[in-house]
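Engineer: starting from these lines, generate the structure:
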Amino acid sequence: MKKKLSYRDKLVELAYIYDVKEIKDYEKSRKNLTTGQLELILKKNKIIIPKDFKSNFIRANFVKQLSKSKAN
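Structural biologist: Model prediction:
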């Protein structure tokens, strides 16, 4: 049976796959980063984050569309 990973755990795993030193250093010092901080560090290192409903999916896809339609 597979263990379900949280979105944050998936981001940390992604950081280890791409060998992001900054996130590894935080994990070694046992400091917890929020999911937003993890996403920001990964984006800064030019790593594409897979779409997940728990992230900014609603804001990126719906709120921007609504604001564009209101502007027109």
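Engineer: where are the low-confidence patches of the chain?
Structural biologist: Applying pLDDT under 70 to the chain flags residues 1-2, 51-72.
Engineer: strands of this protein, start to end?
Structural biologist: For the chain, strands defined by DSSP state E do not occur.
Engineer: helices along that one, start to end?
Structural biologist: Here the chain has its helices, by DSSP state H, at 7-17, 21-28, 35-44, 57-58, 64-71.
Engineer: quick one: Arg30 from Tyr16, how far?
Structural biologist: Distance of Arg30 to Tyr16, computed by CB to CB, to the nearest Å: 16 Å. Every C-beta, even on glycine, is put in place using the N, C-alpha and C of the backbone.
Engineer: more crowded one of those two?
Structural biologist: More neighbours surround Tyr16 than the other of Arg30 and Tyr16, with 11 against 6 (other CB atoms under 10 Å).
Engineer: coming back round to it: so which of the helices of the chain gets nearest Pro50?
Structural biologist: Ranking the helices of the chain by proximity to Pro50 (CB to CB) places helix 7-17 first, at 8.1 Å.
Engineer: ok, residues contacting the closest one?
Structural biologist: 5, 23-24, 27, 34-35, 38-39, 41-42, 47, 49, 52, 54-55 (CB atoms under 8 Å, 6 or more residues apart in numbering).
Engineer: 10 Å instead, please
Structural biologist: Outside of helix 7-17, the residues within contact range by CB atoms under 10 Å, 6 or more residues apart in numbering are 3, 5-6, 20-24, 26-27, 32-35, 37-39, 41-42, 45, 47-50, 52-55.
Engineer: any idea how many residues pack against Val20?
Structural biologist: Counted with other CB under 10 Å, Val20 comes out at 19.
Engineer: from Tyr16, how far out is the residue found closest to it once you drop the neighbours it is linked to in the chain?
Structural biologist: Closest residue to Val20 apart from its sequence neighbours, by CB to CB, 6 or more residues apart in numbering: Asn45 at 5.4 Å. Asn45 sits 13 Å away from Tyr16, going by CB to CB.
Engineer: and Lys31, by the same measure?
Structural biologist: 16 Å.
Engineer: put the buried members of the contacts of helix 7-17 into a ChimeraX selection.
Structural biologist: To isolate the buried ones among the contacts of helix 7-17 in ChimeraX, judged by 16 or more other CB atoms under 10 Å, type:
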select :20,23,26,33,35,38,39,41,42,55
